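J.: take this sequence and fold it.
(chains A and B)
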Number of protein chains: 2
Amino acid sequence: MFEQLGLIGCGLMGGSFALALKKAGLVKRVVGYSKSPTTTDRARQLGVIDVEAPSALLAVSGADIVLVAVPVSASEATFKSIKHMVTPDMLIMDVGSTKGDVVIAAERGLRDQMGSFVPAHPIAGKELAGVEHADADLYQDRQVILTPVERTRGTQVAQAVALWTALGSKVVQMSPAAHDSAFAAVSHLPHLLAFALMNAISGQPRSKEFLTLAGPGFRDFSRIAASDPKVWRDIFLTNRDELLLQSRAFQAELQAFEALITGGDAATLETQIAQASATRSQWRMNQAD
Amino acid sequence: MFEQLGLIGCGLMGGSFALALKKAGLVKRVVGYSKSPTTTDRARQLGVIDVEAPSALLAVSGADIVLVAVPVSASEATFKSIKHMVTPDMLIMDVGSTKGDVVIAAERGLRDQMGSFVPAHPIAGKELAGVEHADADLYQDRQVILTPVERTRGTQVAQAVALWTALGSKVVQMSPAAHDSAFAAVSHLPHLLAFALMNAISGQPRSKEFLTLAGPGFRDFSRIAASDPKVWRDIFLTNRDELLLQSRAFQAELQAFEALITGGDAATLETQIAQASATRSQWRMNQAD
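T.: Numbering: from 1, shown residues only, chains lettered A, B, ... in the order given. Here you go, the predicted model:
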């Protein structure tokens, strides 16, 4: 049980975290700050936060738990701005989709208070950004990856594990690097492909007609293309090396398929599709038990 | 109202058509044939067909409506095998995902009976193949593309439009070529990308761990990768030129994204993602009214 959550960034992810903590009865008071006063105001009107803070620093003042839910590119500046209010027994987490860069940002920003920070990535989200779409159940039955580093204090890691578990999430721990290569493959690359597909189609003269004809397969495949541009710009740039590696592995595979199609090699083509189909058929999303 | 449906191919698509016609009270009797006697037998046990025919020709005998629901590569042989029982007032349709090749196969196979054939592509399906998954509502609220050619008789086209409309589908008419280029972009390419992604991931040493971490975005994006290998082998090979054209347009777009990421051009990257995101957010699947 926490006394006060300092929420920095009252968007979909941060707002949902506040609502989830309230619903689970795990926090008494939420003090929120967003860069845009309109967002902070809206969050208070919606009951997502209880008190508006005029700055990130003041949102942290008096908190025993802090969630930094800002675009990844704003991490370092945010950590710097709150450093003077961070205490050794405070639990600080983020919700970013990349972890190596957040660890560097935290080391630079928090310096000797780095031990309070537990890097976190909840595998949850919606295509609809903004506090209006905040949802107390967003993290329920979802995985949350924690990537503590050597300096992270064990007490904070244990608190983070207990907290997410109480919210109905399944906690997985790994290194920031292991996290970033895995998510380059299963999340960042699919988003890149979905964005590229949409632009490849909309760049064609008959694009409007094409899109009118698209069915349920297209709907599901392209759903993630509607994601937030700023968030994904940051993810692509911060996880650049791993993403480009995965994109090249993908293109090699795509070009191998093209060669089979061009050459009319029906048997090998079927084998390759069958392999993909079997892998996908056997896959089950890992949810909290 | 039809007296007798001759169903050639008692799989998911054919079986669902038979069930839909029965549910709508549009047919009195369904005579079915499948290449595999086990499938035909199973279809009868499940009530999808009423009578098992020992050949495609005998399934057509006495029918006033015929659905050819076989893999695209088997179209020509099927049309040839039924030609002698086809009459000028019979309505023959297929359900193939490519149309240019089916028209050629029908011209070669049906010859002077070509006028009875209305090429059809219902934009519906499941990842689960087989008559066990046949569903009377599969075509409800889905688009059906009809691609009649010059020789197709108007009576048959009108019958086809009325029939699909009665099943709750929304009928769209276009040329086979217009159909094939549109579906290369919005269906065949996404399937190719989904297959290539699965194989690119499963070819990596940490693939099992990667897949364990994948979340809802991956789930929806990769759903179509579980599709039937034979069906998609045929689609890729029969719509080869249009598909390769789309795949190249896609790769050009992907490589443009890679260049922005490599160069760290945050502003243009955000603009490009925003364009994709806006296109996808504004898109609505076109359903029957």
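
J.: CA atoms for contacts and neighbours, from now on please.
T.: Noted.

J.: which bits of the stretch 1-150 of chain A sit near chain B?
T.: Within the stretch 1-150 of chain A, the positions near chain B by CA under 8 Å from any CA of the partner chain are A:123-124, A:142-143.

J.: all helices of chain A, in order?
T.: Here chain A has its helices, by DSSP state H, at A:12-23, A:37-45, A:56-60, A:75-82, A:100-110, A:154-166, A:176-183, A:189-202, A:207-213, A:216-222, A:229-238, A:240-263, A:266-282.

J.: now these in TSV, with mean pLDDT, distance to residue B:63 and mean neighbour count?
T.: Formatted as TSV, those follow (pLDDT from 0 to 100; distance: least, CA to CA, whole Å; neighbours: other CA atoms under 10 Å in any protein chain shown):
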stretch	mean pLDDT	distance to residue B:63	mean neighbour count
helix A:12-23	97	58	23
helix A:37-45	96	65	18
helix A:56-60	97	75	23
helix A:75-82	97	70	20
helix A:100-110	97	67	20
helix A:154-166	98	62	17
helix A:176-183	97	55	20
helix A:189-202	98	42	25
helix A:207-213	95	31	17
helix A:216-222	95	32	22
helix A:229-238	94	56	22
helix A:240-263	98	37	19
helix A:266-282	97	34	19
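
J.: can you redo those as CSV with distance to residue B:87?
T.: Shown next, in CSV, are the helices of chain A (distance: least, CA to CA, whole Å):
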stretch, distance to residue B:87
helix A:12-23, 62
helix A:37-45, 69
helix A:56-60, 79
helix A:75-82, 73
helix A:100-110, 70
helix A:154-166, 68
helix A:176-183, 58
helix A:189-202, 42
helix A:207-213, 32
helix A:216-222, 36
helix A:229-238, 58
helix A:240-263, 37
helix A:266-282, 35
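
J.: local confidence estimate at residue A:127?
T.: Looking at residue A:127, its pLDDT stands at 68.

J.: and residue A:143, what are its bridge partners?
T.: residue A:170 (DSSP bridges).

J.: thought it was touching residue A:125?
T.: No: at 11.5 Å, residue A:143 and residue A:125 do not qualify as touching, with contact defined as CA atoms under 8 Å.

J.: so what's the residue count around the closest residue to chain B within the stretch 1-150 of chain A?
T.: Proximity of the stretch 1-150 of chain A to chain B (CA to the nearest CA) peaks at residue A:123, 6.1 Å away. Using other CA atoms under 10 Å in any protein chain shown, residue A:123 has 24 neighbouring residues.

J.: residue A:172 versus that one, what's the distance?
T.: 11 Å (CA to CA, to the nearest Å).

J.: mind listing the shared neighbours of these two?
T.: A:143-145 (CA atoms under 8 Å, 6 or more residues apart in numbering or on different chains).

J.: which one of residue A:143 and residue A:125 has more residues nearby?
T.: Set residue A:143 next to residue A:125 and count neighbours by other CA under 10 Å: residue A:143 wins out with 26 against 19.

J.: ok, the more buried one - contacts?
T.: A:122-124, A:169-172, A:286-288, B:213, B:215.

J.: now residue A:159
T.: Each residue near residue A:159 by CA under 8 Å, 6+ apart is listed here: residue A:91.

J.: start and end of stretch A:184-194, how far apart?
T.: End to end - CA to CA - stretch A:184-194 spans 14 Å.

J.: on that earlier part again, return the member of the residues of the stretch 1-150 of chain A next to chain B nearest to residue B:129.
T.: Distance to residue B:129, by CA to CA, is smallest for residue A:142 among the residues of the stretch 1-150 of chain A next to chain B, at 29.6 Å.
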